[in-house]
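Asker: Mind folding the following:
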Amino acid sequence: MSSIEMNRRSVLRTAIGVAGVAAMGPLLSACGNGSAGKSGANTKSGLAAALPTYVASNAVTPDIPSVTGGGGALTDPGFLKYPANLVKTVSGTPGSGGSYTAVTPLWGTIPAADNAFYQAVNKALGATLTMQPANGVTYNNTIPTLTAAKKLPDWIQLPGWWNDLFNVGELCGTQLADLTPYLAGDKVKQYPNLAAITTGAWQAGVWDNKLYGIPTFFSGQSFSGQFYYRADVFEAKGIPADSVKSIDDFFALGAELTSAKANVWAFDDVWTWLAQPFGISQKFTVTNGKLVHKYEQPEFLEALSWAYKLAKSGYLHPDALAGNNNDAKTRFYAGKVLINGDGQGAWNSADAQAGTAANKSYRRASFPLFSADGKATPSIYLNSSSGMFSYLNKNLSPSQIKECLAIADYLAAPFGTAEYTLINFGVEGVDYSMGATGPVYTTAGQADVQQQTFPFLATPTNVVSNPGFDEITKDRCAWNAAAGKYAYKPVFWNMNITVPARYATANGGQAVEDTIKDVYHGIKPVSAFQDAVTAWKKSGGDALVQWHQTEILDKTGTGQ
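Answerer: Numbering: from 1, shown residues only. Alright, predicted model coming up:
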């Protein structure tokens with residue numbers, strides 16, 4: 001498993017725990033100080049002028065190449081083994097002797113300052129990056145203190161799920177540097193590794209038609225998740241996963257797989273992932289030129305009605321019905337649940353190791369996409385391409401910004417290159433040794449390198465790599481390629497929208513979300529959701545939708 005993939009997965013898991021499921025949703029944020037100065041939205045022409053030209057890298061050849069899907073999605077390449085020959089993509093040293101401070105979050109043990117690994121990287125960079133990783137758990141408290149005092153470091157990581165708290169829209173142009181003059185269009189070509197960053201990832205770092213954020217831990221094709229099943233059990237029972245072509249077929253598995261006496265249930269919590277077969281929008285859809293919130297989509301009501309039916313069927317594990325999702329993976333590994341929903345990062349070698357420890361026959365797989373009625377063409381919306389970005393300080397001079405971008409180009413070198421290996425694994429013989437399946441951290445590497453810091457400043461695109469577990473990489477890449485055919489860009493995809501504070505409560509919709517949870521747990525009837533939506537509309541929901549209509553859609557369009 002690549003170091004970046006491991007970090008991206010763990011970081012996003014932590015983020016969800018800290019910031020809620022919204023962390024994985026679109027980059028919609030409520031302005032923390034009530035300012036209405038910037039919407040954060042982009043026009044189609046303005047966005048096109050700000051975006052860097054995409055030039056794919058051919059430095060390293062993957063075992064499974066990327067595949068272009070719907071909406072321009074580009075699947076993450078697959079590597080069955082770590083490249084044997086570590087090619088270089090940057091000649092000489094990118095830096096010119098400058099010194100810069102960098103603050104990044106770290107959900108782990110903070111390495112010792114100025115350790116040998118940091119020194120080795122700075123030598124390779126030809127500059128001094130003083131890394132100042134801060135506790136990720138309290139990062140949301142650290143940054144507002146720095147911005148209020150206008151004492152940001154030279155380079156800083158600002159996770160997108162805290163855009164509202166950090167008021168990033170107002171920081172752009174006041175404390176954060178505009179990178180458009182340096183990277184827009186063909187200007188990025190002087191930084192080949194940055195040019196290889198997918199367009200969607202850059203798009204998520206654009207505010208008001210200007211590029212500010214350098215994307216990190218990004219994917220060319222990101223979905224919120226999918227339905228998984230115990231492939232070993234299905235195979236033993238002679239159930240082909242591709243026989244599920246409708247939501248009725250899906251429900252029918254409940255009777256076939258559930259045996260309460262044997263302590264086995266067909267389903268765990270699957271509510272979030274019902275958006276795919278039912279065609280529920282990410283947040284909004286456009287009908288005849290008018291925005292429609294997902295709560296008011298007929299498909300949302302249909303999906304919730306199905307989930308309520310599942311809750312009353314006896315096919316849903318009792319712990320899931322009680323809202324205990326902390327042990328969901330344990331239930332899946334033990335075979336107490338045979339179908340669940342999870343994020344894309346759940347399908348990896350670490351999962352296989354944990355699963356086989358519980359059951360040596362364990363094998364995870366994912367259902368092919370299907371539509372609720374089994375007749376319509378399936379669809380799945382693309383998630384935001386990146387949820388994490390680094391920014392440069394506005395006080396840096398043009399020559400300093402160029403030096404930092406050259407350093408970022410080094411940090412963004414593709415998986416399996418010499419630069420990537422140094423940044424993610426350190427120095428061979430000191431921080432890692434080259435094993436049969438790739439770099440293996442030494443004790444020093446575990447302390448100083450594995451607790452990643454530099455990748456929070458810039459990374460290459462994500463890859464799928466599970467050394468020693470080739471079938472997982474092949475299966476996951478195949479599923480991604482098949483699902484990608486049905487991908488589409490949702491309304492306001494990758495757009496940063498600063499919602500006025502007066503609409504923050506309606507934007508969060510917490511009362512509705514709480515009711516939804518009660519319905520799919522079978523506690524309240526579906527009519528309770530309808531009542532909650534009626535109350536939501538009156539207390540700000542309608543005004544929220546209208547604001548998006550007049551201030552965003554009518555003025556800038558969907559941003560695509």
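
Asker: where does the stretch 451-560 of the chain dip in pLDDT?
Answerer: Low-confidence segments of the stretch 451-560 of the chain, defined by pLDDT under 70: 560.

Asker: Contact partners for residue 447?
Answerer: For residue 447, the contact set (Cβ atoms under 8 Å, 6 or more residues apart in numbering) comprises 109, 111, 112, 115. Quick note: C-beta positions are derived from backbone N, CA and C, even for glycine.

Asker: what number of residues lie near residue 97?
Answerer: By other Cβ atoms under 10 Å, the residues close to residue 97 number 9.

Asker: so who does it touch?
Answerer: If you count contacts by Cβ under 8 Å, 6+ apart, residue 97 has them with 126, 127.

Asker: before we move on, the earlier item: TSV for the contacts of residue 447, including secondary structure, pLDDT and distance to residue 340?
Answerer: Below are the contacts of residue 447 laid out as TSV (DSSP: H, G, I helix; E, B strand; the rest coil; pLDDT from 0 to 100; distance: Cβ to Cβ, whole Å):
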residue	secondary structure	pLDDT	distance to residue 340
109	coil	94	31
111	coil	95	36
112	coil	94	40
115	coil	96	40
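
Asker: Highest neighbour count among these?
Answerer: Among those, residue 111 has the most neighbours (other Cβ under 10 Å), with 19 neighbours.

Asker: Enumerate every residue touching the nearest residue to that residue once chain neighbours are set aside.
Answerer: Closest residue to residue 111 apart from its sequence neighbours, by Cβ to Cβ, 6 or more residues apart in numbering: residue 448 at 4.6 Å. By Cβ under 8 Å, 6+ apart, residue 448 lies in contact with 111, 112, 115, 116, 117, 118, 426, 431.

Asker: give me every residue that touches the second one.
Answerer: What that stands for is residue 112. Per Cβ under 8 Å, 6+ apart, neighbours of residue 112: 447, 448.

Asker: any idea how far residue 102 is from it?
Answerer: Distance of residue 112 to residue 102, given as Cβ to Cβ, to the nearest Å: 16 Å.

Asker: again, but for the first one
Answerer: The spacing between residue 111 and residue 102, counted by Cβ to Cβ, is 13 Å.

Asker: Would you mind listing the residues touching both of these two?
Answerer: By Cβ under 8 Å, 6+ apart, the residues touching both residue 111 and residue 102 are residue 453.

Asker: Low-confidence ranges, the chain, go.
Answerer: Along the chain, segments meeting pLDDT under 70 span 1-39, 560.

Asker: Pull out the buried positions in stretch 121-133.
Answerer: Residues of stretch 121-133 classed as buried: 121, 122, 124, 125, 126, 127, 128, 129, 130, 131, 132, 133 (neighbour count, 16 or more other Cβ atoms under 10 Å).

Asker: start to end distance for it?
Answerer: 16 Å (Cα to Cα, to the nearest Å).

Asker: how far is it from where the chain is centred?
Answerer: Chain-centre distance of stretch 121-133: 27 Å, with Cα atoms, centre = their mean, to the nearest Å.

Asker: next one: stretch 388-401
Answerer: Using Cα atoms, centre = their mean, the mean C-alpha position of stretch 388-401 is found 24 Å from that of the whole chain.

Asker: Which parts of that stretch count as buried, going by neighbours?
Answerer: 388, 389, 390, 391, 392, 393, 394, 396, 400, 401.

Asker: hmm, back to that, can you redo the buried residues of stretch 121-133 as TSV with distance to residue 47 and secondary structure?
Answerer: Formatted as TSV, the buried residues of stretch 121-133 follow (distance: Cβ to Cβ, whole Å; DSSP: H, G, I helix; E, B strand; the rest coil):
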residue	distance to residue 47	secondary structure
121	34	helix
122	36	helix
124	35	helix
125	31	helix
126	34	coil
127	32	coil
128	35	strand
129	31	strand
130	34	strand
131	32	strand
132	33	coil
133	33	coil
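
Asker: Please identify the helix or strand for residue 482.
Answerer: Element membership for residue 482 (DSSP states H and E) is helix 470-484.

Asker: next helix or strand past that helix?
Answerer: Next along from helix 470-484, by DSSP H and E: strand 487-488.

Asker: For that next one, which outside residues touch it?
Answerer: Counting by Cβ under 8 Å, 6+ apart, 69, 70, 71, 73, 221, 223, 379, 380, 381, 382 sit against strand 487-488.

Asker: And the strands in the stretch 451-560 of the chain, which stretches?
Answerer: 464-465, 487-488, 497-499 (DSSP state E, counting those that start in this stretch).

Asker: Please identify the most buried of these.
Answerer: Burial of the strands of the stretch 451-560 of the chain is given as mean neighbour count (mean count of other Cβ atoms under 10 Å); strand 464-465 ranks first at a mean of 29.

Asker: Cross the buried residues of stretch 388-401 against helices and list the overlap.
Answerer: When DSSP state H defines the helices, the subset of the buried residues of stretch 388-401 inside them is 400, 401.

Asker: taking the buried residues of stretch 388-401 one by one, which sit in strands?
Answerer: If you go by DSSP state E, the buried residues of stretch 388-401 have 388, 389, 390, 391, 392 in strands.

Asker: and those as JSON lines, adding distance to residue 176?
Answerer: What follows is these, written out as JSON lines (distance: Cβ to Cβ, whole Å):
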{"residue": "388", "distance to residue 176": "15"}
{"residue": "389", "distance to residue 176": "10"}
{"residue": "390", "distance to residue 176": "10"}
{"residue": "391", "distance to residue 176": "4"}
{"residue": "392", "distance to residue 176": "7"}
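
Asker: Quickly check the buried residues of stretch 121-133 for the two that are furthest apart.
Answerer: Based on Cβ to Cβ, the longest span within the buried residues of stretch 121-133 runs between 126 and 133 and measures 22.0 Å.

Asker: Check the offset of the helix holding residue 482 from the chain's centre.
Answerer: Computed by Cα atoms, centre = their mean, the chain-centroid distance of helix 470-484 equals 18 Å.

Asker: With stretch 99-106 instead?
Answerer: That offset, for stretch 99-106, works out to 22 Å (Cα atoms, centre = their mean).

Asker: contact partners of that stretch?
Answerer: The contact list for stretch 99-106 (Cβ under 8 Å, 6+ apart) reads 127-136, 139, 142, 146, 152-157, 159, 390, 400, 404, 451-453, 456-457.

Asker: Give the buried residues for it.
Answerer: 100, 102, 103, 104, 105, 106.

Asker: before we move on, what about stretch 168-186?
Answerer: 168-172, 175-180, 182-184.

Asker: before we move on, what about stretch 328-337?
Answerer: 328, 329, 331, 332, 333, 335, 336, 337.

Asker: Same check on stretch 529-548?
Answerer: Using 16+ other Cβ under 10 Å as the test for burial, stretch 529-548 gives 529, 532, 533, 536, 537, 540, 541, 544, 545, 547, 548.
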